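Undergrad: need the 3D shape of this:
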Amino acid sequence: MSRLHDLTLGDVLRENRRSYPGKAALVCGSDRHTYPAMDDRVNRLANALLADGVGRGDRVLWLGQNCHRVLEALLAAAKIGAVFCPMNWRQTAEELTFVVDDVDARVVIWQQEEIGEAASGARANATSRGLWLQHDAGGDGSYEAFLASGAPDDPDLEIDPADPVLMLYTAAFAGRPNGALLSHTAITTQDMVIGMLQEITGAYVYLNSGPLFHIATFMTTLATFHFGGTNVFTRRVDAEELCRIIAVERCTGAFLLPPTIDQIVAVNRDGKYDLKSLRTYPGKPEWTEMITVDTSAWARHPGGYGQTEVMGMLTLNSWGGRVEGTHGRSSPMVQLRIVDPDGNEVPTGETGEIVARGPTVMTGYWNRDAENEERQAGGWHHTNDLGRREPDGSITFVGPRTRIVKSAAENIYPAEVEGCIQKHPAVKEAAIIGVPDPKWTQSVKAVVVLNAGQTATAEEIIEHCRAHIASYKKPRSVEFVDALPRDGWMVDYDALDARFGGGGYPGGRNRSA
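TA: Okay, the predicted model is just below:
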């Protein structure tokens, strides 16, 4: 097999070893490794895994918090054709047991501190019997002892860049979470997009302060690695510790949510820590004075639309200038269409399902043949999300395609109607259900919660919809309630159906599997 056009994650590490021989690749507490030292450790771990019988397609599960060993384990798996899966360590023992068995992990790298009880429960209850290595301890059975047992020579195996190398579990559908498999090519391609938009170079120092089981953090981690930057890791989000790390390591980027930024401002009001190396979004005056305002395209027009299954982003607000749509233009690495339930592209301005194809799309869900057949029908990745293409070519995300109301021959997406109603100034939130209709199969019913002190009539809500969306989509009846029933944070549409007579859905249900 010719490798003339191949590029794997292992290849990126080999090249960075040559290109950045004295550059810090990983920093985690007192551990600091250059690219050559990192490559030596990755080779040792890869060879130890091979000696233990781990090979192409086998799964290596990470059950711990942020650490430099996450990237080491991913790259070791990459060099031998295995698949690395970082798991949400916040889950219960029962949830972790499901994943350990679902992955059928050959190796589980786990930690005792903070999550030892749940990890131990999963180990005791799982039917899968792989090798368990503790990464936050030394001695027999530890990650470090296992790594040290391997030779530092590069395994130098032929790896197909189209093979999966990373598995990230997504939100549950069909009653269970599902592992999205991402290839070497998906990662290296998205690295180029993220690196370009965030202006990542070899001088970039990224603080991994967000959870590495989420694509939102991991895609910048991987782009930083690909461009020869430095990845700095911290296990927990503590404002004082984040300030210290940024100041000492001169971090130029970090994953920081608004509540964390507020905590940092409170900790650093006296200017104890110099945070000027941090190039990020402006905000409140105190915060903006502490940092350097990022002028990259990503920072000027942040966000877009994406999901784990496409290695992060499908559309980007920072791509192609100002737009009419709420979520920017298609990434330069994907094809994107808006289609009807039969897979036909809908006209500009009409709502349909967002589908995509390109090198960043997942190879499929792990061990989910039925879901893969549905989600990859017709050679396109079906996102199960609704959107529309605006006249300028940009994309507006409408909402999840969880339900369809069938009225005569028309498919009506509740998320679109809900979004319209919620733009009414008197409305706090709204939910749409379908009620049986002898003439039209179903008709649309809106269940509406008004803002405190506001009033509106059913006729006003219906006329508001008629003015903003196609007439056939408007509700034919409106119910006002004090609050919508919820199952966790999600609206409980089954409860609404039971209370207001919903039914007649295609397939006899009000949500897709």
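
Undergrad: any idea how many residues pack against Gly138?
TA: 10 (other Cβ atoms under 10 Å). Heads up, the C-betas are built off the backbone N, CA and C, glycines and all.

Undergrad: wait, what's in contact with it?
TA: 144-145 (Cβ atoms under 8 Å, 6 or more residues apart in numbering).

Undergrad: also Val435?
TA: 442-443, 445, 477, 500-504.

Undergrad: the domain parsing of the chain - what is it?
TA: 34-183, 237-300, 309-399, 405-508 (automatic domain parsing).

Undergrad: can you redo those domains as JSON lines with mean pLDDT and distance to Arg17?
TA: Converted to JSON lines, these look like this (pLDDT from 0 to 100; distance: least, Cβ to Cβ, whole Å):
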{"stretch": "domain 34-183", "mean pLDDT": "94", "distance to Arg17": "5"}
{"stretch": "domain 237-300", "mean pLDDT": "95", "distance to Arg17": "21"}
{"stretch": "domain 309-399", "mean pLDDT": "93", "distance to Arg17": "24"}
{"stretch": "domain 405-508", "mean pLDDT": "89", "distance to Arg17": "45"}
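
Undergrad: contacts for whichever helix or strand Leu168 is part of, please.
TA: Using DSSP states H and E, Leu168 sits within strand 164-173. The contact list for strand 164-173 (Cβ under 8 Å, 6+ apart) reads 8-9, 57, 59, 74, 77-78, 82-88, 99, 103, 177-184, 187, 213-215, 218, 307-309, 363, 366, 371, 384, 512-513.

Undergrad: CA atoms of it as CSV?
TA: As requested, the backbone C-alpha atoms of strand 164-173 are provided in CSV (Å, rounded to 0.1, in the frame of the first residue of the first chain):
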residue,chain,number,x,y,z
PRO,A,164,-11.2,5.5,13.2
VAL,A,165,-8.8,6.7,15.9
LEU,A,166,-11.1,8.7,18.3
MET,A,167,-14.5,7.7,19.8
LEU,A,168,-16.5,10.4,21.6
TYR,A,169,-19.9,9.5,23.1
THR,A,170,-22.8,11.7,22.1
ALA,A,171,-26.0,12.6,23.8
ALA,A,172,-28.3,9.6,24.1
PHE,A,173,-30.9,8.8,21.4
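
Undergrad: quick check: next helix or strand after that strand?
TA: As the chain continues past strand 164-173, the following element, by DSSP H and E, is strand 176-183.

Undergrad: CA-only coordinates of the helix or strand following that following strand in PDB, if you can.
TA: Downstream of strand 176-183, the next assigned helix or strand under DSSP H and E is helix 184-198. Extracted in PDB, the C-alpha atoms of helix 184-198 (Å, rounded to 0.1, in the frame of the first residue of the first chain):
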ATOM      1  CA  HIS A 184      -7.300  10.400  11.400                       C
ATOM      2  CA  THR A 185      -8.400  12.300   8.300                       C
ATOM      3  CA  ALA A 186     -11.400  13.900  10.100                       C
ATOM      4  CA  ILE A 187      -9.100  15.200  12.900                       C
ATOM      5  CA  THR A 188      -6.200  16.400  10.700                       C
ATOM      6  CA  THR A 189      -8.600  18.100   8.300                       C
ATOM      7  CA  GLN A 190     -10.500  19.900  11.100                       C
ATOM      8  CA  ASP A 191      -7.100  20.900  12.600                       C
ATOM      9  CA  MET A 192      -6.400  23.000   9.500                       C
ATOM     10  CA  VAL A 193      -9.700  24.800   9.800                       C
ATOM     11  CA  ILE A 194      -9.500  25.500  13.500                       C
ATOM     12  CA  GLY A 195      -5.900  26.400  13.300                       C
ATOM     13  CA  MET A 196      -6.400  28.900  10.500                       C
ATOM     14  CA  LEU A 197      -9.400  30.600  12.100                       C
ATOM     15  CA  GLN A 198      -7.900  30.800  15.600                       C
END
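
Undergrad: may I see the buried residues of helix 184-198?
TA: Neighbour-count burial for helix 184-198, counted by 16 or more other Cβ atoms under 10 Å, picks out 184-191, 193-198.

Undergrad: tilt between it and strand 164-173?
TA: With axes from the mean of the first three to the mean of the last three Cα atoms, to 10 degrees applied, the angle from helix 184-198 to strand 164-173 works out at 80 degrees.

Undergrad: what's the following helix or strand after helix 184-198?
TA: Assigned by DSSP H and E, the successor of helix 184-198 is strand 205-208.

Undergrad: how far out from the middle of the chain is that following strand?
TA: 18 Å (Cα atoms, centre = their mean, to the nearest Å).

Undergrad: in its sheet, what does that strand sit against?
TA: In the sheet, strand 205-208 lines up against strand 230-233 (parallel), strand 253-254 (parallel) (DSSP bridges).

Undergrad: could those strands be laid out in JSON lines, adding distance to Ile404?
TA: Formatted as JSON lines, the strands paired with strand 205-208 follow (distance: least, Cβ to Cβ, whole Å):
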{"stretch": "strand 230-233", "distance to Ile404": "43"}
{"stretch": "strand 253-254", "distance to Ile404": "41"}
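
Undergrad: circling back: for the domains of the chain, which one sits closest to Asn231?
TA: domain 34-183 (6.3 Å; Cβ to Cβ).

Undergrad: ends of that closest one, what's the gap?
TA: 26 Å (Cα to Cα, to the nearest Å).

Undergrad: centre of the chain versus it, how much separation?
TA: 19 Å.

Undergrad: before we move on, the earlier item: so of the strands paired with strand 205-208, which one's packed in deepest?
TA: Sort the strands paired with strand 205-208 by mean neighbour count, taking mean count of other Cβ atoms under 10 Å, and strand 253-254 sits at the top with a mean of 26.

Undergrad: name the residues that touch that strand?
TA: Contacts for strand 253-254 (Cβ under 8 Å, 6+ apart): 198, 200, 204-207, 209, 220, 224, 242, 246, 278-280.
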